Structures are given as structure tokens and as C-alpha cells.
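K.L.:
sequence plus predicted model, see below.
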Amino acid sequence: MRLTPRLRLCTTLMMTTVLLGALVSAAQAIAEAAIAKQAIVNLERATPSASTSPLLISQIQDELEAFWASSYTFWDAAVLAQYWGQSMEDSKARIGRKIGFGPADVAILEQFLLDARISALLTVENLELYFQSDYTYDDAAILAEFWGDPSPYDSKLRIERNLIMGQKDWVDAALQLATE
């Protein structure tokens, strides 16, 4: 069957209208999902202000207590704070909140921590965690000799990597062995 030009134009317009409707629906769904995701991110990043309700302050205190009662460390919170672009307190509260949400959120938290560690390892030269630690130049010099590193700076880099990976205890043990 051969279509007349008018019928072909009507068919093309109808198909175009259907496709545009589908594209508009898809765009609305994507926009709604993005808005919902941003709302969740904003809620997680929210910091209490002077006008924060006592209920919210209590919730944040509960989240911080959950963090401190957990096996997560200051260094885990520091790495995640860098990764999430948050303050340490916000990072600790977010960790506590995820712990409170249950095992599924703890599994997600573990993945965040792994991603954060990998990301932080790419910026080791900044020595951000090393400078937050209580290690001194003398400690780095002692550890450089103990580990066979060429310089205290190389030892600082190794300390930084250990802090990122949550291995502060290993650094402390090495320092103790090196000073015996």
C-alpha cells in the first residue's frame, strides 16, 4: 500500500508526538529522581544550627554515640569526611546514622569507606592525615630507618597510607619496636 503525502505527514506527526510524549515522561522521571536524590544528600549533609530543634540535636547526639560505640575510628571518619566533603562531626554523625539504619546501610558504608580510601590514596602526597596525627618528624625519621625508607618524608608517606587504610595500630607497633 502506498501512502499519500498527506497520510505520510499525518503518520510522521503522530509518531513524533508519541516520541515527544515518551521523552517528556522520561525527562520528568529523571528530574524527579535527581530532586529526590539531592534532597537525601541535603538531609545527610544538614548541620544543626542554633535554631535546631532539641529533637534533631538529640538525634545527632545518638548518631555520634553510635559512631563512638562502633568499630569505626577517627581515621575512618577523617577519610570519609574528605571523600564526602563534610566536617569531621558531620562525617561521624553520618556514619552513626548509617549504623542505626541497619546492616544494609552498614554494607553501603563499607563500600563508601573503600571508595574513600582509594580516593585518598591518590592524594597521599598532601599528607593531610599525617598532619592531623600526633606523629612527629622524629617519629618519621625513626620509622624511616626501621622500615628502610630513603628519608623521613618517605616514612611520612607510608604513615599517611597506613592512616588512610585504618592501620594506625601497625604504625604505633612499628614505632614501638623501632624505639626498643
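P.N.:
Cool, the structure landed.
K.L.:
measure how far the helix or strand hosting E145 is from the centre of its chain, please.
P.N.:
Secondary structure assigned from DSSP states H and E places E145 in helix 137-147. Relative to its parent chain, helix 137-147 has a centroid offset of 31 Å by Cα atoms, centre = their mean, to the nearest Å.
K.L.:
list of residues touching that helix?
P.N.:
The contact list for helix 137-147 (Cβ atoms under 8 Å, 6 or more residues apart in numbering) reads 149-156, 158-159, 171, 174-175, 177-179. Any C-beta I mention is one placed from the backbone N, CA and C, and that applies to glycine too.
K.L.:
and that helix, what's buried?
P.N.:
In terms of neighbour count (16 or more other Cβ atoms under 10 Å), helix 137-147 has its buried residues at D139, A140, A141, I142, L143, A144.
K.L.:
now T179: how far from D169?
P.N.:
For T179, the distance to D169 equals 16 Å [Cβ to Cβ, to the nearest Å].
K.L.:
next one: the spatially closest residue to A116 that is not a sequence neighbour from F146, what distance?
P.N.:
The shortest distance from A116 to any non-neighbouring residue, by Cβ to Cβ, 6 or more residues apart in numbering, is to Y83 (3.5 Å). Look at Y83 and F146: by Cβ to Cβ, they are 30 Å apart.
K.L.:
equivalent analysis for S58, please.
P.N.:
47 Å.
K.L.:
for P54, same thing?
P.N.:
51 Å.
K.L.:
with Q59 instead?
P.N.:
Taking Cβ to Cβ, one finds Q59 at 46 Å from F146.
K.L.:
correct me, but A77 touches M88?
P.N.:
Yes - applying Cβ atoms under 8 Å as the test, A77 and M88 come out as touching, 5.8 Å apart.
K.L.:
of the two, who's got more company?
P.N.:
A77 (23 against 14; other Cβ atoms under 10 Å).
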